[in-house]
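> predicted model and sequence follow; I will ask about them next.
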Amino acid sequence: MAAASEDLAEPEPYPAREVLAAFATACSGIEEIPVAQASVQAAGWEHYSPAADSAIARIVASGEELMAKEDPTVQILDGGIWRKSVAGRELFTVISGVELEGVVSHGCRVYDLSAPAALPLEELRDWAVRDPAERPNGIPGGSKFVWNPGLKPGHMEMEISFVPQGTVLPEPLAGIPLSGIVFTASSVEFTDL
């Protein structure tokens, strides 16, 4: 009888505040990749070298390939992959950037690849203390919220997206094993001004 009652137990609520705090700490220094790396390390994230066939490695490799296809002159700036358990959730942080003619863009993404659902808009609004713009991500059951400026003044944009588990992404993203919640902070510097 105990097993049956355990099966009926409510799942643990998603630790949104803890995960959002981990995102803010990891990605607040994204204007400079070395600062972002130091912030992640100081916050207890472990530098991580995933197996090439792991979901996170495939996501990163696919992103780099898409950027190179879009502009063969792009220079990819690698800031590394980091891993941390936060309130029972396995999170990955990817710090990266691109340099194009006249533009340097840095990005910090925190992935919870097994998140079962999107974070409620009200919770995101309360955390960010401002309303996001809701943008379609073209994925049934998915969501995408964007704030401009981003995580803090000086950041270009902050985005929190959700892709349902088991989703097959449309082209050109087909084959990328992306699911769960992705928290993104980005900065852009125009070097030709």
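Cool, the structure landed.
> determine the number of other residues adjacent to Ala174.
Close neighbours of Ala174, defined as other C-beta atoms under 10 Å, add up to 9. The C-beta positions use only the backbone N, C-alpha and C, and glycine is treated the same way.
> wait, doesn't it sit right on Val168?
Yes: under the contact definition of C-beta atoms under 8 Å, Ala174 touches Val168, with a separation of 6.7 Å.
> and Glu70, how many neighbours?
Neighbours around Glu70, by other C-beta under 10 Å: 11.
> what's the answer for Ala117, then?
By other C-beta under 10 Å, the residues close to Ala117 number 14.
> dump the residue contacts of it.
Contacts for Ala117 (C-beta atoms under 8 Å, 6 or more residues apart in numbering) come out as Tyr14, Phe162.
> where does the protein dip in pLDDT?
1-10, 192-193 (pLDDT under 70).
> what's the helix or strand for Ala24?
Ala24 is part of helix 16-27 when elements are defined by DSSP states H and E.
> Ala185 now?
Here Ala185, judged by DSSP H and E, is contained in strand 180-190.
> so what strands line up beside that strand?
Strand pairing for strand 180-190, using DSSP bridges, gives strand 103-112 (antiparallel), strand 157-163 (antiparallel).
> list the buried residues for the very next helix or strand once past the helix holding Ala24?
The helix or strand immediately downstream of helix 16-27 is helix 33-42, counting by DSSP H and E. For helix 33-42, the neighbour count (16 or more other C-beta atoms under 10 Å) marks Ile33, Ala36, Gln37, Ser39, Val40 as buried.
> separation between the second one and Asn148?
Using C-beta to C-beta, to the nearest Å, one gets 20 Å for the distance from Ala36 to Asn148.
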